[in-house]
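Enquirer: here's a sequence, model it:
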Amino acid sequence: MGQFQKLFSPVKIGRLEVKNRFVVPSMATNLAREDGTVDQRLCAYWTARAKGGFGLLMVEFTAIDPLGRVGLCHPGIWSDEFIPGMRELTQAVHVHGARIALQIAHTGRQTFPAILAGAQPVSASPIPCPVDRAIPRQLSTEEIYQLVEKFGDAAVRAQDAGFDAVEIHGAHGYLIAQFMSSYSNKRIDEFGGSLDNRMRFPLAIIRGVRERLGPAFPLLFRMSGEEKVPGGRTIDESRLVARMVEEAGIDAIDVSVGVAGAAPYIFAPPALPPGFLLHSAEQIKKSVSIPVIAVGRINHPLLAEDAIESGKADLIAWGRSSLADPELPNKIAAGRLEEIAPCISCSQGCIRNFPVPGKPLSTLGVTCLVNPFCGYETEMQITPARQPKKVVVVGGGPAGLEAAWVAAARGHRVTLYEKNKVAGGQYRIGAIPPFKQDIARALGYYQHMCEKHGVTLKMGTEATADEILAQKPDAVILATGGEPLIPNIPGVGGDRVALAIDILEGKKGAGLNVLIVGGGMVGCEVADFLGEHLHRVTLVEMLPEVAHDVPFPIAYFLLRRLKDYDVRVETETLALELLEDGAVVKKNNETRRIEGFDTIVLAVGTKSVDSLKAQLAPACRLHVIGDARAPRKAIDAIAEGAAVALKL
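Expert: Next up, the predicted model:
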């Protein structure tokens, strides 16, 4: 533990002692059954993190009423029927010495009628959430006090199921937060207007739960220090809220940020710096005498240790870091920092089940780009191979690296060929645009795991079919990735035309005025990169919007930067021909020329590199994965690499 003594020191929440300061906060796993009962997958998910050394686990948003559900596969606690499954969960976690709390909650207006079997959502006021958009029904005074009782009933069920603590969810714009904030509460009765009135509902819940559970049972409260929306609560008012909930009987405060209308801050993309919410936790801690939990891209143990030592917080919630590596505390304790799978804040697996207007509701469980085992703990396990095999992996991108280290960890003899002197493939180039540098950390992790498990790495070596077959491998994994797609249009070979990856990698320079053809992730990231370096950029995209393949928390800040750089964006615009200094484009059935550009950058997609497939397929047991099989997102390619390695 050495330099991280604060992180591994015990702490008390009320009368409950937690063995260390590592917390897995409440996050939507979507691993419960559709009826809200505990599924074996949910047990396995939490057990993995208990085994990994986390001191306190906070089971996700658990609805206290059927009208309080936020997702299709979230747990419920509105009747005694949920207790047996919850008890199985707490017993599994306690075996490994962790403490476990249940977060009890009601979604209020931040849900969809489809999740509520067609029922209308409810809220403090009949004002729709700007994201979910369904007009809610305003709760009556009688209904408000009924919900106070339901929160109390839910807390008792949690206690009966063996939970060590209960957390009341007053953050992220859900029902309790809707009452607390003038942003969403427009009432003029005893539950609206002044801070005292807006706090009447949450304080009644806290006092009711405290009375039902008794003075000794630990009770936590989660709140957004800042709501980040016009008229929303600021940190100054939140300091008052913290004092009020402490006086009402709360034993610890869990400080987060935002509401649905400011969701990008909740999901914290790389544009937000590590520890960006520590100032909120510190301000709350100055106002109360009870422990404070901090969250917000705290992605290094030194940052966490410093936060505790400097008095900013008492416990650290690791959130998505616990998805990327459930063994994080144990690895830190053992000094195995290079073995920690890093969260890269990509938002590809952790929020794939987040409800989005206009898209089908998802029953997919949580997972992680860096850790494809996340959410699949019951199905995917690294176990010794029955018979060790000789395995050749061709390609050192993320899919190939993942396949190589997992296969080697199972006992196979693995050799990996990579034609470049460094690993990473196109994913390495993806680490170059602004705020993407954590990708390099992930690639370093994969390479370290290959070295740890004895993979023979032949870097700077382009494998041939003859060389591969001469080794008489039992299996070959072709992970040769993809290469930029070059459109078949006139002028594409012009002197001023460059590929996006060549601009990012520094193989070609760009002039002052740049035209980018293609407005997906790659095109937008090149525009971001060039805008940062003071180029004047025009972006043309044939679809109705740019950044259509970028997760929304990342796209939010990315598009803001493009606007700040004055990047000109033209959507529904098709490039028909490239000119010496521009292009002929078509929009709304009108053809025109756009000219005056020093450089034209192509960012129109990827095509597979699979030239070895035809030579190897008849002669060996061949597995083609990642972009070599078909261009796809990195999360899919990496998951495919792990899956193939587990089947060998």
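Enquirer: only C-alpha atoms for contact and neighbour calcs from this point on.
Expert: Fine.
Enquirer: next, count neighbours for Asp438.
Expert: When neighbours are counted by other CA atoms under 10 Å, Asp438 registers 18.
Enquirer: so who does the residue nearest to it when sequence neighbours are not counted touch?
Expert: Taking CA to CA, 6 or more residues apart in numbering, and ignoring the residues beside it in sequence, Asp438 has Ile344 as its nearest neighbour in space, at 5.1 Å. Going by CA atoms under 8 Å, 6 or more residues apart in numbering, Ile344 touches Pro270, Val370, Asp438, Ile439, Arg441, Ala442.
Enquirer: quick check, nearest of those residues to Arg157?
Expert: Val370 (35.9 Å; CA to CA).
Enquirer: is the residue nearest to Asp438 in a helix, a strand, or coil?
Expert: Under DSSP: H, G, I helix; E, B strand; the rest coil, the three-state class of Ile344 is coil.
Enquirer: next, it: phi, psi?
Expert: phi -110, psi 10 (degrees, to the nearest 10).
Enquirer: need the pLDDT of Asp581.
Expert: pLDDT recorded at Asp581 is 96.
Enquirer: phi, psi of it?
Expert: The phi/psi pair for Asp581 (degrees, to the nearest 10) is phi -130, psi 30.
Enquirer: what's the neighbour count on it?
Expert: Neighbours of Asp581 under the rule other CA under 10 Å: 19.
Enquirer: ok so, going back, how far away is the residue nearest to Asp438 from Cys524?
Expert: 19 Å (CA to CA, to the nearest Å).
Enquirer: and whichever strand or helix holds Val209, what does it pack onto?
Expert: Val209 is located in helix 200-213, with elements delineated by DSSP states H and E. Secondary-structure packing of helix 200-213 (3 or more CA pairs under 8 Å, 6 or more residues apart in numbering; DSSP states H and E): helix 141-160, helix 175-180, helix 235-248.
Enquirer: dump the C-alpha coordinates for that helix into PDB.
Expert: Output of helix 200-213 as PDB, limited to C-alpha atoms (Å, rounded to 0.1, in the frame of the first residue of the first chain):
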ATOM      1  CA  ARG A 200     -39.700  19.800   2.500                       C
ATOM      2  CA  PHE A 201     -40.100  16.600   0.400                       C
ATOM      3  CA  PRO A 202     -36.400  15.300   0.700                       C
ATOM      4  CA  LEU A 203     -36.200  16.100   4.400                       C
ATOM      5  CA  ALA A 204     -39.500  14.300   5.000                       C
ATOM      6  CA  ILE A 205     -38.100  11.300   3.200                       C
ATOM      7  CA  ILE A 206     -34.800  11.400   5.200                       C
ATOM      8  CA  ARG A 207     -36.600  11.800   8.600                       C
ATOM      9  CA  GLY A 208     -39.100   9.000   7.600                       C
ATOM     10  CA  VAL A 209     -36.400   6.600   6.600                       C
ATOM     11  CA  ARG A 210     -34.400   7.400   9.700                       C
ATOM     12  CA  GLU A 211     -37.400   6.800  11.900                       C
ATOM     13  CA  ARG A 212     -38.000   3.400  10.200                       C
ATOM     14  CA  LEU A 213     -34.400   2.200  10.200                       C
END
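Enquirer: so what touches that helix?
Expert: In contact with helix 200-213 (CA under 8 Å, 6+ apart) are residues 144, 148-149, 151-152, 155-156, 159, 168, 170, 176, 179-180, 190-191, 217, 219, 244-245, 248-250.
Enquirer: would you mark the buried spots in it?
Expert: Neighbour-count burial for helix 200-213 flags Arg200, Phe201, Pro202, Leu203, Ala204, Ile205, Ile206, Arg207, Gly208, Val209, Arg210, Leu213 (criterion: 16 or more other CA atoms under 10 Å).
Enquirer: my guess is Pro291 contacts Lys312. True?
Expert: No. With contact defined as CA atoms under 8 Å, Pro291 does not count as touching Lys312 (10.3 Å).
Enquirer: pull up the overlap in contacts between the two.
Expert: Lys285.
Enquirer: any idea how far the nearest residue to Gly108 once chain neighbours are set aside lies from Pro490?
Expert: Using CA to CA, 6+ apart and skipping residues adjacent in sequence, the residue nearest Gly108 is Leu175, 4.2 Å away. Per CA to CA, Leu175 is found 57 Å from Pro490.
Enquirer: which one of these two is surrounded by more residues?
Expert: It is Leu175, of Leu175 and Pro490, that has more neighbours when counted by other CA under 10 Å, with 24 against 13.
Enquirer: residues touching Ala634, list them.
Expert: Leu369, Pro398, Ala399, Tyr427, Gly626.
Enquirer: look at stretch 253-273 and report the distance between its end residues.
Expert: 23 Å.
Enquirer: just the mean pLDDT for that stretch, thanks.
Expert: pLDDT averaged over stretch 253-273 gives 96.
Enquirer: tell me which residues of it come out buried.
Expert: 253-272.
Enquirer: and stretch 480-500, by the same measure?
Expert: Thr480, Gly481, Gly482, Glu483, Pro484, Gly491, Val492, Arg496, Val497, Ala498, Leu499, Ala500.
Enquirer: Arg187 is in contact with Gly193, correct?
Expert: Yes. Counting by CA under 8 Å, Gly193 does reach Arg187; the two are 6.4 Å apart.
Enquirer: restricted to helices, list the buried residues of stretch 253-273.
Expert: Ala263, Pro264, Tyr265, Ile266, Phe267 (DSSP state H).
Enquirer: show the low-confidence segments of the chain, by residue range.
Expert: For the chain, residues meeting the criterion pLDDT under 70 lie at 1.
Enquirer: can you list the domains in it?
Expert: 2-334, 390-483+607-647, 497-604 (automatic domain parsing).
Enquirer: in a markdown table: the ones you listed, plus distance to Gln381.
Expert: Shown next, in a markdown table, are the domains of the chain (distance: least, CA to CA, whole Å):
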| stretch | distance to Gln381 |
| --- | --- |
| domain 2-334 | 11 |
| domain 390-483+607-647 | 8 |
| domain 497-604 | 28 |
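Enquirer: out of these, which is closest to Leu361?
Expert: domain 2-334 (7.5 Å).
Enquirer: starting at the chain centroid, how far to that closest one?
Expert: 17 Å (CA atoms, centre = their mean, to the nearest Å).
Enquirer: between the two ends of that domain, how far is it?
Expert: 9 Å.
Enquirer: just checking, what packs against the helix or strand where Ile332 lies?
Expert: If you go by DSSP H and E, Ile332 is part of helix 328-333. For helix 328-333, there is no helix or strand it packs on, judged by 3+ CA pairs under 8 Å, 6+ apart.
Enquirer: all helices of the stretch 251-400 of the chain, in order?
Expert: Using DSSP state H, counting those that start in this stretch, the helices of the stretch 251-400 of the chain run over 263-267, 278-287, 301-309, 320-324, 328-333, 398-409.
Enquirer: of these, flag the one that's most buried.
Expert: Mean neighbour count (mean count of other CA atoms under 10 Å) peaks for helix 398-409 among the helices of the stretch 251-400 of the chain, with a mean of 30.
Enquirer: what does that helix rub up against?
Expert: Here helix 398-409 makes contact (CA under 8 Å, 6+ apart) with 382, 384, 393-395, 413-416, 424-425, 427, 443, 446-447, 449-450, 453-455, 477-480, 625-626, 634, 637-646, 648.
Enquirer: fine, thanks again, bye for now.
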